[in-house]
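> here are the coordinates; sequence isn't available:
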């Protein structure tokens, strides 16, 4: 059985038509919508080391029958989602630490 970690990856194209690769860290689906926590993937180790370590929260929206991702512009919603994602991350890392013991 292969237990190797395989990340969920996504490529987004910005308004300048530049591709950016991300790993989907987590998903929240609630009455307000579907949201992804995305972490950038870098082409070089130097870029990765220089990165601030921040992740991005994007909302899944439907436009012209296609799913797209958009920035969450509501500050209160963004804060709420950040807290929920952080809680998920803490639980994940706590579970991993327990498994190592």
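Sure thing, it's come through. Treat the numbers as computed from the prediction; the structure is a model and nothing was measured. Numbers count the residues shown, from 1 in each chain.

> ranges for the strands of this structure?
Using DSSP state E, the strands of the chain run over residues 9-13, 19-30, 33-40, 56-63, 66-71.

> To residue 78, which of these lies closest?
Proximity to residue 78 (C-beta to C-beta) singles out strand 56-63 among these, at 6.2 Å. Quick note: C-beta positions are derived from backbone N, CA and C, even for glycine.

> Name the residues that touch the closest one?
Outside strand 56-63, the residues that touch it by C-beta atoms under 8 Å, 6 or more residues apart in numbering are 22, 33-40, 67-72, 78, 81-82, 85.

> That one - which strands sit beside it in the sheet, and in what orientation?
In the sheet, strand 56-63 lines up against strand 33-40 (antiparallel), strand 66-71 (antiparallel) (DSSP bridges).

> Among the ones you listed, show me which one is buried the most.
Among the strands paired with strand 56-63, strand 33-40 has the highest mean neighbour count (mean count of other C-beta atoms under 10 Å), at a mean of 19.

> Any stretches of this structure with poor pLDDT?
1-5, 44-52, 95-101 (pLDDT under 70).

> Mind doing that once more with 80?
1-7, 42-53, 92-101 (pLDDT under 80).

> counting residues per helix, which one in it is longest?
Ranked by number of residues, the top helix in the chain under DSSP state H is helix 75-100.

> in that one, what's buried?
80, 81, 84, 85 (16 or more other C-beta atoms under 10 Å).
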